[in-house]
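J.: Could you work out the structure for the sequence below:
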Amino acid sequence: MLSRALRALAPRTTAHAHCDIPCGVYDPAQARIEAESCYKIIQKYQDSKDELFRARCIHVKEERAELTKHHIDVMWHDYFKPEHVEKFPDLHEVCWKASKQAS
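T.: Residues are numbered from 1 along each chain as shown. Model (predicted):
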């Protein structure tokens, strides 16, 4: 009974696409801007003695770091194709390290 229900819910057509929407919309600048804001927030955190301000810095920095990871992951998973990896053999390692750094 369960297997029949699963078959009924299974997709009838398989779609193949290399990205969510047409190419040209992925921009590494988004990740760079968020990452740079993390570094600036860290500096402001270190320069301040105000504990409330420092707590807000941590909160905002964590939000920006998540956005950094999001933008890296979108490019890594949705944009890059095998020809990108051929041209830049260390692409996976670079994306992985960048995501780890943002963590």
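
J.: roughly how far is stretch 77-95 from the heart of the chain?
T.: 14 Å (C-alpha atoms, centre = their mean, to the nearest Å).

J.: One more: stretch 46-61?
T.: On the basis of C-alpha atoms, centre = their mean, stretch 46-61 sits 24 Å off its chain's mean C-alpha point.

J.: pLDDT (mean, whole number) over it?
T.: Mean pLDDT, stretch 46-61: 97.

J.: For residue 26, which three-state class applies?
T.: Residue 26 falls in the coil class when you classify it by DSSP: H, G, I helix; E, B strand; the rest coil.

J.: Over to residue 13?
T.: In terms of secondary structure, residue 13 is coil; the call rests on three-state DSSP.

J.: mind checking which helix or strand the residue nearest in space to the middle of the chain is in?
T.: Here the mean C-alpha position of the chain is nearest to the C-alpha of residue 70 (C-alpha atoms, centre = their mean), at a distance of 2.4 Å. Assigned by DSSP states H and E, residue 70 falls within helix 51-74.
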